[in-house]
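In: Following is a predicted model, sequence given first.
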Amino acid sequence: MSTLKILTYPEKFLLQPTLPLENIDGNVQQMIDAMADTMYKAPGIGLASIQVGWDRSVLIYDISARDEKRGLHVLINPRIISSEGEVVSDNEGCLSVPDFRADVKRSERILVEGHDREGKPLHLEAEGLHAIVLQHEIDHLNGKLFIDRISSLKRELYKRRVRKALRENETAL
């Protein structure tokens, strides 16, 4: 299994919405397996296709505890069709926004429709961590990062820190 490179902010590719996946073939299955390998090695609990440079609407996640058997879930062309309530996901992080965590307002419960990796239609009701992970990854598929959902002050402080680190890396070369 090959590990894919995870794109990180400020990579512009992360900010574009993905396109619907029309055809689930062997190449798509291989990509899903490579995404899973990448997510588990990172380690993370969710990964959207755009984060690994693939502009199709696919996400994977596994919210089972680390010491439990893996429970990989695949969602193709997912859409949130209803949401209710509000919760703050405290200390939310992202593989594409390394070394930064923040509290993010999310819907408490959501209803998502999409397809599984075989193309069968899925309807998922989610709440708690499940709902937060789905909203986070679907945001990625829509070209949105979790830092887009925090206060402009916190977002600007993070962006400044990244720009400074990039400048320091350039001068070190």
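Out: On my side now, so go ahead.

In: Return the list of helices and strands in contact with the top helix by length along the chain.
Out: With residue count as the measure and DSSP state H as the assignment, the chain has helix 152-172 as its longest helix. Contacts defined by 3 or more CB pairs under 8 Å, 6 or more residues apart in numbering; DSSP states H and E place helix 152-172 against strand 97-106. The C-beta positions use only the backbone N, C-alpha and C, and glycine is treated the same way.

In: ok, the strand it packs on: who's next to it in the sheet?
Out: Note on strand 97-106: by DSSP bridges, its sheet partners are strand 87-94 (antiparallel).

In: now the helices: where do they sit in the chain?
Out: With DSSP H, the ranges of helices along the chain come out as 26-41, 129-141, 152-172.

In: will you turn those helices into TSV that also has mean pLDDT, mean neighbour count and distance to Glu113?
Out: TSV is the format used below for the helices of the chain (pLDDT from 0 to 100; neighbours: other CB atoms under 10 Å; distance: least, CB to CB, whole Å):
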stretch	mean pLDDT	mean neighbour count	distance to Glu113
helix 26-41	97	16	19
helix 129-141	98	22	11
helix 152-172	91	11	30
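
In: Out of those, which is closest to Glu118?
Out: Minimum separation from Glu118 across these (CB to CB) falls at helix 26-41, 9.3 Å.

In: can you give me how far that closest one is from the chain middle?
Out: Helix 26-41 sits 14 Å away from the centroid of its parent chain (CA atoms, centre = their mean, to the nearest Å).

In: hmm, who's touching that helix?
Out: 1-4, 6, 21, 45-47, 49, 52, 54, 56, 58, 60-62, 70, 72, 74, 95, 117 (CB atoms under 8 Å, 6 or more residues apart in numbering).

In: Please consider this matter closed, and thank you.
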